[in-house]
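>>> quick one, what's the 3D model for this:
(one chain, ligands or ions: 1)
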Amino acid sequence: MDPVIAISGLSKTYEDGYEALKSVDLTIGKGEIFALLGPNGAGKTTLISILCGLVKPTGGSATVGGYDIVHDYRKTRSMIGLVPQELTTDQFETVFATTSFSRGLFGRPAKPDYIDQVLTDLSLIDRRDNKIMTLSGGMKRRVMIAKALAHEPTVLFLDEPSAGVDVELRKGMWDVVRRLRDSGVTIILTTHYIEEAEEMADRIGVISKGELMLAEEKHALMAKLGRKTLTIQLQEPLEALPDQLGKDGLELAEDGTALVYEYDTRSERTGIGALIADLNRADIRVKDLDTKQSSLEEIFVRLVREGQ
Ligand SMILES: Nc1ncnc2c1ncn2[C@@H]1O[C@H](COP(=O)(O)OP(=O)(O)OP(=O)(O)O)[C@@H](O)[C@H]1O
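Presented below is the predicted three-dimensional model:
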């Protein structure tokens, strides 16, 4: 993985003594979509604000494109596009003018062809010369993205891109983000919506009370998600697992009164049929059966709870 962002021991204690970030280590690769999940007040905005140079860290370090975010602030800031949660655009400006102006703020010379390309990518080109006030909410959000991309950043932060956005619009936003990633931009988004992280992210990070609890490939998480646990309550307790049942993923539990079997729901053969047959053959009598699915939501809730 070619790292674009490297974060090491990053901490932030605000002036009132509140520890908003506790020694976060994280590397984000080029062209990744990384979703940062966490409850309110977890430290997501603090982390993004530090990387954007808006908040000063009190410990640790971070680099963007190999440059230190504190010492080479101008350099790193110019590599970052930030789409904040709130819509903050001048209602009386046109789409083109406001986007072009954002580019100018970074001291970049005008590049109308590039701005038009960004507007095309975001399906805003038809509204190029319209005033912001005449646009729908979804279009205004896309203008915020256009503004963030105006200075040709290589990293884009999206803070809660679908907060207060309806389902239809949210899907449109996901398409936009995927297209941006395909064009080589690295994307870090914060979200409360587990579904959004599941849908979009290559990797998912879970942050709670300032601590990064996990940063894992989505597919690895989905593999966990696809797992189910079958608990078999037995009529008579067993002292040990009989040889006939020597199956991968099978364990004796609850003082020998239950068997717990973990299996992948997506595989063609779960092994349950064979397990039941083995139980019959070994004359092990079953009292009750129960299955349980682990979901990303469960993993998330458990992690957050453990962190409290
Ligand atoms: N300037 C500040 N001074 C003191 N405490 C602050 C300051 N800014 C943020 N905090 C606190 O730091 C914690 C983390 O805030 P942050 O905004 O980073 O969380 P978040 O994960 O982005 O939350 P949300 O999902 O609500 O946006 C919160 O408890 C917040 O009250």
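>>> which positions in the longest helix along the chain come out as buried?
Longest helix in the chain, counting residues (DSSP state H): helix 167-182. Within helix 167-182, the residues that count as buried by 16 or more other Cβ atoms under 10 Å are 169-170, 172-174, 176-177, 180-181. Where you see a C-beta, it was placed from the backbone N, CA and C, and this is true even at glycine.
>>> pretty sure Ser162 contacts His192?
No: at 9.0 Å, Ser162 does not count as touching His192 under the criterion of Cβ atoms under 8 Å.
>>> okay, those two: which has more neighbours?
Ser162 (21 against 15; other Cβ atoms under 10 Å).
>>> show me the contacts for the more buried one.
The contact partners of Ser162, taken as Cβ atoms under 8 Å, 6 or more residues apart in numbering, are 169-170, 173, 191, 193, 196.
>>> quick check: mean pLDDT across the longest helix of the chain?
Averaging pLDDT along helix 167-182 gives 80.
>>> what's the following helix or strand after it?
Under the assignment DSSP states H and E, the closest C-terminal helix or strand after helix 167-182 is strand 186-191.
>>> that next one and the ligand in contact?
No: Strand 186-191 lies out of reach of the ligand by Cβ under 6 Å from any ligand atom, never closer than 6.5 Å.
>>> partner strands of that strand, parallel or antiparallel?
Each strand paired with strand 186-191, and its direction, by DSSP bridges: strand 33-37 (parallel), strand 155-159 (parallel).
>>> in a markdown table: those strands, plus mean neighbour count, distance to Leu221 and mean pLDDT.
Formatted as a markdown table, these follow (neighbours: other Cβ atoms under 10 Å; distance: least, Cβ to Cβ, whole Å; pLDDT from 0 to 100):
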| stretch | mean neighbour count | distance to Leu221 | mean pLDDT |
| --- | --- | --- | --- |
| strand 33-37 | 26 | 11 | 92 |
| strand 155-159 | 23 | 20 | 93 |
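>>> and this protein, which residues reach the ligand?
Close to the ligand, as judged by Cβ under 6 Å from any ligand atom, the chain has residues 14, 16, 18, 20, 38, 40-46.
>>> among those residues, which ones are in strands?
Ala20 (DSSP state E).
>>> which members of the residues of the chain next to the ligand are the farthest-apart pair?
Asp16 and Gly38 (20.6 Å; Cβ to Cβ).
>>> residues in contact with Gly43?
12, 20-21, 207, 209-210.
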